[in-house]
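**Student:** kindly generate the corresponding structure for this input.
(2 chains)
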Amino acid sequence: MSETNGKILSVKDLKTYFQTEDGVVKAVDGITFELEKGETLGIVGESGSGKSVTNLSVMRLIPEPPGKIVSGDIVFNGIDVRKLSINEVRGIRGKRMAMIFQDPMTSLNPFLKISTQLMEVTRLHLGHSKKEAYDHAIKMLKTVGIPDAESRVDSYPHEFSGGMRQRVMIAMALSCDPELLIADEPTTALDVTIQAQILELIKDLRTRMGTSVILITHDLGVVAGMTDKIIVMYAGKVFEQAPTAELFATPANPYTKGLLKSVPDPAHEEGTELYQIPGLPPDVAHLPPGCPFAERCYRAEDICRRDFPPFVQINANHHSLCHFAQEVYAESVAESENGKTANIQMKINE
Amino acid sequence: MAFLVVTLTWGLIRVAPGNFYSSEKKLPAAVEANIKKKYGLDKPWYEQYFIMIKNVAQGDFGDSLRYQGQSVNEIIWRHLPYSATIGVLAYLLALAIGLTAGIVAALKQNSPFDYGSMALAMLGLSVPNFVLGPILVLMFSLGLYIFPPARWGGVLSLVLPVITLSAVYTAYIARLTRAGMLEVMRSDYIRTARAKGLNERTILLKHGLRGGIIPVVSFTGPALAALLAGTVVIERVFAIPGLGNIFIQANLNRDEPLVLGIVAFLSILIMLFNLLVDISYGFLDPRIRYE
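**Tutor:** The predicted structure follows:
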């Protein structure tokens, strides 16, 4: 892959809009990011910030109409995904890039056996015979840690618990040994102990199979432990982009700082309120001309409401969309030197 | 359940004014008394009821009052084939056209086909079959001379009654299928199927159809019974000697055993088809399979 310089995925100025009765919703509005082979990227943001739409765009799974990829480049292993015919896209989906969805309770077909659902992927993409596909299905179930796989392979989804179903989803996604795995909030619908198991599983499989992973979540705790770099999204835009450790230690965007402060701290003083960012995410159909976060930002000044902020480069890998990026960054650096962010540092290192 | 229906019907016939013997010509009192004695009508009503229930429980509805010497069962079995032929054909036609139109309309949502077929379905639902029948007869029999306008005889004579009878059900099934498919095709597991790289055909037939037609299935059981029974009007319009026609005659004649027999027969049919539907759910949806 010399022509792609080890890049598995490169998204450039992606814009995906939805036509609604309420006007054009700019769900994703100019997203740019790159993913190296074997790397894990975290995409963080509140509900409606465009995380899922970004990745559905990469898979060309945006329902059209009402959605449409308006402009931008999506290059996957040197292939321009946007230029492919729908049949060519199908050849990639499930084989070279696979996806795990948020709700394992509804993402598996309730009418079909697990074996049927697992087998159809490998029969389609790897040309397996029935027997091969069946054996492979059992092997995959074992890989994702489903006990007694031989007898459970012919069960229906409703006979599994939520965590087990998500394991089945992962087994299905990894059946063809894809180069890229997109996990769209894979643990949101699961309870906490199961969350940890599923994340551990994804982490382990990523290392064993050398898969690149995009992990979408609104939970900073989830991305902290297992990503190489993070994109923070807000209102369809990238607000901040940095290597994981750096983002946690020295955020250069007020929104990121707000998110970090919102993570409940075990040392939280009893009786005091938990921090939350004031206000609600904006209506992306009617965005103001200035910074979409200005109304909720502790640092906003007149210029923020008037002019759209620049995408400021802090250093080689660290960018922030803010009029005051440098100042916020300097603040963070000062704070981290004072040890105020020590507990966050601890979280990363654990 | 069947006995409840029989009891109700029996009661209603009793409560309704007049009986088989109240015609224009008054019977001599002695003759009337004799007849009443023969059919046990001189006994108190509760005794009559228990005799009736006892017989019905044994599948015996007695003889028709109008058609002397013919048992109700004989009459039902003789006329059933006509109604059954039309009913079953209309059912198959409604399923074939309704399902196809519904699926295509759902896949091509908001296309001209979608709007056209759904408008047609709305029309089919709105036009009663005793209006549709004569209109079809007018067009195809009296206008174009393609199909015979009435009576039983040959395949051609079946065409118009079957179309007329199936129209409402075709329309209903088409709308149910479309709604069911639209809902399923938006579900998460269809998105999963797309993410697996399956083509639309496989997604539709293997992943979508089962969930999409469940509302249709729950409709088709009662619909089949209703089709067999619902030929009443159609048989009248097209002069077909089926069960429906006999049923109307029986009612007009106040032929109590025959009315009772046909009502009981149809109610059992409806229950039977509902049972079949419940069983077929299990095949379609593993979640409600009986373990």
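**Student:** from here on, contacts and neighbour counts on C-alpha atoms
**Tutor:** Fine.
**Student:** what does chain B put close to chain A?
**Tutor:** B:187-192, B:194-199, B:207, B:210-211, B:284-287 (Cα under 8 Å from any Cα of the partner chain).
**Student:** now the helix or strand hosting B:Leu12: average pLDDT?
**Tutor:** Secondary structure from DSSP states H and E places B:Leu12 in helix B:2-15. Here helix B:2-15 scores 74 as its mean pLDDT.
**Student:** the residue of the stretch 151-300 of chain A found nearest chain B: what's it in contact with?
**Tutor:** Closest to chain B within the stretch 151-300 of chain A is A:His158: 6.7 Å, counting by Cα to the nearest Cα. For A:His158, the contacting residues are A:110, B:287, by Cα atoms under 8 Å, 6 or more residues apart in numbering or on different chains.
**Student:** the one 4 residues further on now?
**Tutor:** Counting by Cα under 8 Å, 6+ apart, A:Gly162 makes contact with A:104-105, A:190.
**Student:** next one: A:Lys130
**Tutor:** A:119, A:123.
**Student:** low-confidence ranges in chain A?
**Tutor:** Counting by pLDDT under 70, chain A contains low-confidence ranges at A:1-5, A:268, A:339-350.
**Student:** which parts of it are strands?
**Tutor:** Ranges of strands in chain A, per DSSP state E, are A:7-20, A:23-36, A:40-44, A:67-76, A:79-80, A:97-100, A:180-184, A:212-217, A:229-234, A:237-243, A:311-315, A:318-321.
**Student:** off-centre distance for the fifth one?
**Tutor:** So the one you mean is strand A:79-80. 21 Å (Cα atoms, centre = their mean, to the nearest Å).
**Student:** pull the longest helix from chain A.
**Tutor:** What stands out as the longest helix in chain A, according to DSSP state H, is helix A:192-209.
**Student:** for it, which helices and strands make contact with it?
**Tutor:** Packed against helix A:192-209 by the contact rule (3 or more Cα pairs under 8 Å, 6 or more residues apart in numbering or on different chains; DSSP states H and E) you find helix A:162-174.
**Student:** can you give me the angle the helix it packs on makes with helix A:192-209?
**Tutor:** Here the directions of helix A:162-174 and helix A:192-209 differ by 20 degrees (axes from the mean of the first three to the mean of the last three Cα atoms, to 10 degrees).
**Student:** and the angle for helix A:162-174 with strand A:180-184?
**Tutor:** Using the same axes, to 10 degrees: helix A:162-174 against strand A:180-184 is 150 degrees.
**Student:** just the buried positions in helix A:162-174, please.
**Tutor:** Neighbour-count burial for helix A:162-174 flags A:162-174 (criterion: 16 or more other Cα atoms under 10 Å in any protein chain shown).
**Student:** any chance of those in TSV, with distance to A:Leu41 too?
**Tutor:** What follows is the buried residues of helix A:162-174, written out as TSV (distance: Cα to Cα, whole Å):
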residue	distance to A:Leu41
A:Gly162	25
A:Gly163	23
A:Met164	25
A:Arg165	24
A:Gln166	20
A:Arg167	21
A:Val168	23
A:Met169	20
A:Ile170	18
A:Ala171	21
A:Met172	21
A:Ala173	18
A:Leu174	18
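**Student:** generate a ChimeraX selection restricted to the buried entries among the residues of chain B next to chain A.
**Tutor:** To isolate the buried subset of these in ChimeraX, counting by 16+ other Cα under 10 Å, use the following:
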select /B:188,189,190,191,192,194,195,196,197,198,207,210,211,284,286,287
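**Student:** so which of the residues of chain B next to chain A belong to strands?
**Tutor:** The strands, defined by DSSP E, take in nothing from the residues of chain B next to chain A.
**Student:** just to revisit the earlier point, buried residues in the helix holding B:Leu12, which are they?
**Tutor:** For helix B:2-15, a neighbour-count test (16+ other Cα under 10 Å) marks B:2, B:6-7, B:9-10, B:13 as buried.
**Student:** how far does the longest helix of chain A sit from its chain's centre?
**Tutor:** Relative to its chain's centre, helix A:192-209 lies at 15 Å (Cα atoms, centre = their mean).
**Student:** for stretch B:210-230, same thing?
**Tutor:** 10 Å.
**Student:** contacts for it?
**Tutor:** Contacts with stretch B:210-230, where a contact means Cα under 8 Å, 6+ apart, come from A:111, B:83-84, B:86-88, B:90-91, B:165, B:169, B:173, B:176-177, B:179-184, B:243-244, B:266, B:269-270, B:273-274, B:276-278, B:281, B:284-285.
**Student:** and the residues you listed, which are buried?
**Tutor:** For the contacts of stretch B:210-230, buried by 16+ other Cα under 10 Å: A:111, B:83-84, B:86-88, B:90-91, B:165, B:169, B:173, B:176-177, B:179-182, B:184, B:243-244, B:266, B:269-270, B:273-274, B:277, B:281, B:284.
**Student:** those residues in helices, which ones?
**Tutor:** B:83-84, B:86-88, B:90-91, B:165, B:169, B:173, B:176-177, B:179-182, B:184, B:243-244, B:266, B:269-270, B:273-274, B:277, B:281, B:284.
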